[in-house]
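[1] Need a 3D model of the following:
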Amino acid sequence: DALYYMGLAGWGANESIAGLGPVLNLAAAGDLELGRTSDIVTDAMTAMKLTAGELNKDGIENTIHFTNSLAAAMSNSNTDVDQMGEAFKYVSPLAGALGYDINDLSLALGLMANVGVKGSQAGTGLRQALKNLIDPTDKVQIAMKKYGVSLYDDTGKAKDMRTFMNELRGTFGDLSVDIYDSNGELKSGEQIMKEYGHSLPTTQQEKLNAIVTLFGTRALPGMLGIIEQGD
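    A predicted model of the protein is given here:
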């Protein structure tokens with residue numbers, strides 16, 4: 001099954017043989033069925049424009065780089081390979097179009113997972129947040145200009161995702177919003193805004209409203225997960 005999914009993704013015999021080892025390691029580390037792991041890896045690598053058998057800028061073969069990134073995210077955040085695969089399904093095509101590095105995307109999804117935003121919820125939330133900045137409404141454009149938020153640098157080239165996340169944290173990172181209810185369950189964006197939208201000190205209230213304007217209510221819990229966590 002693993003080789004079947006590699007074949008569907010257009011991998012040749014040599015790429016499949018070379019890639020089977022890293023995929024096996026990831027499946028073992030994540031305690032996940034091998035075919036499912038291969039499906040996740042091949043789909044997401046294709047979406048991220050990573051060609052099996054080629055080396056990345058650091059001289060590491062792409063399949064090894066990709067599977068290592070997922071293993072690191074799983075080991076250092078509250079998620080697993082299957083949940084990462086579900087998140088990739090929704091956001092990796094857009095991330096690939098922006099030229100994002102898999103390490104940065106895994107980092108963003110891992111930070112979201114740490115606050116309970118996982119799987120399809122993480123993928124759709126991050127996709128919405130990025131789409132809002134790619135094709136902003138007039139209201140979003142005003143907020144982007146006011147707070148200096150942009151996915152692109154002065155030359156029109158997409159910033160790398162880690163730079164973008166650090167800029168968000170620098171602008172909005174001093175919020176103190178509890179995103180869990182009294183039962184320890186993650187609040188929805190609507191619940192967060194109902195509780196805090198008018199009760200925070202002026203500066204914090206303005207920042208929370210700005211985050212909702214920029215990224216949308218549905219993406220709010222996950223984006224707060226990225227913004228409020230430490231270095």
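
[2] can we go C-alpha only for contacts and neighbour counts from here?
    Will do.

[3] so what pLDDT did D43 get?
    pLDDT for D43: 95.

[4] Now for it, how many residues are close by?
    Using other Cα atoms under 10 Å, D43 has 19 other residues around it.

[5] what helix or strand does it sit in?
    If you go by DSSP states H and E, D43 is part of helix 34-47.

[6] gap between stretch 1-21 and the chain center?
    With Cα atoms, centre = their mean, to the nearest Å as the basis, stretch 1-21 stands 25 Å off its chain's centre.

[7] typo on my end, stretch 40-51
    Remark: stretch 40-51 is offset 15 Å from the chain centroid, using Cα atoms, centre = their mean.

[8] What lies in contact with that stretch?
    For stretch 40-51, the surrounding residues in contact (Cα atoms under 8 Å, 6 or more residues apart in numbering) are 5-6, 9, 23, 62-63, 66-67, 82, 85, 88-89, 92-97, 99-100, 102.

[9] and what of stretch 220-231?
    108, 111-115, 117, 122, 125-126, 129, 165, 168-169, 172-176, 179, 187-189, 211-212, 215.

[10] Output that stretch as CSV, restricted to C-alpha atoms.
    The C-alpha coordinates for stretch 220-231 follow below in CSV (Å, rounded to 0.1, in the frame of the first residue of the first chain):
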residue,chain,number,x,y,z
LEU,A,220,-9.2,32.9,16.1
PRO,A,221,-8.4,30.1,18.6
GLY,A,222,-5.6,28.7,16.4
MET,A,223,-4.0,32.0,15.6
LEU,A,224,-4.0,32.9,19.3
GLY,A,225,-2.2,29.6,19.8
ILE,A,226,0.5,30.8,17.4
ILE,A,227,0.6,34.4,18.7
GLU,A,228,0.6,33.7,22.5
GLN,A,229,3.1,30.9,22.8
GLY,A,230,6.7,31.6,23.7
ASP,A,231,9.9,31.4,21.6
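
[11] If you count neighbours, what's buried in that stretch?
    Residues of stretch 220-231 classed as buried by neighbour count (16 or more other Cα atoms under 10 Å): 220-228.

[12] Please apply the same query to stretch 43-61.
    Buried residues in stretch 43-61, counted by 16+ other Cα under 10 Å: 43-53, 61.

[13] one step back: and the buried ones among the contacts of stretch 40-51, selectable in PyMOL?
    For the buried members of the contacts of stretch 40-51, the matching PyMOL selection, counting by 16+ other Cα under 10 Å, is:
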select buried, resi 5+6+9+23+62+63+66+67+82+85+88+89+92+93+94+95+96+99+100+102
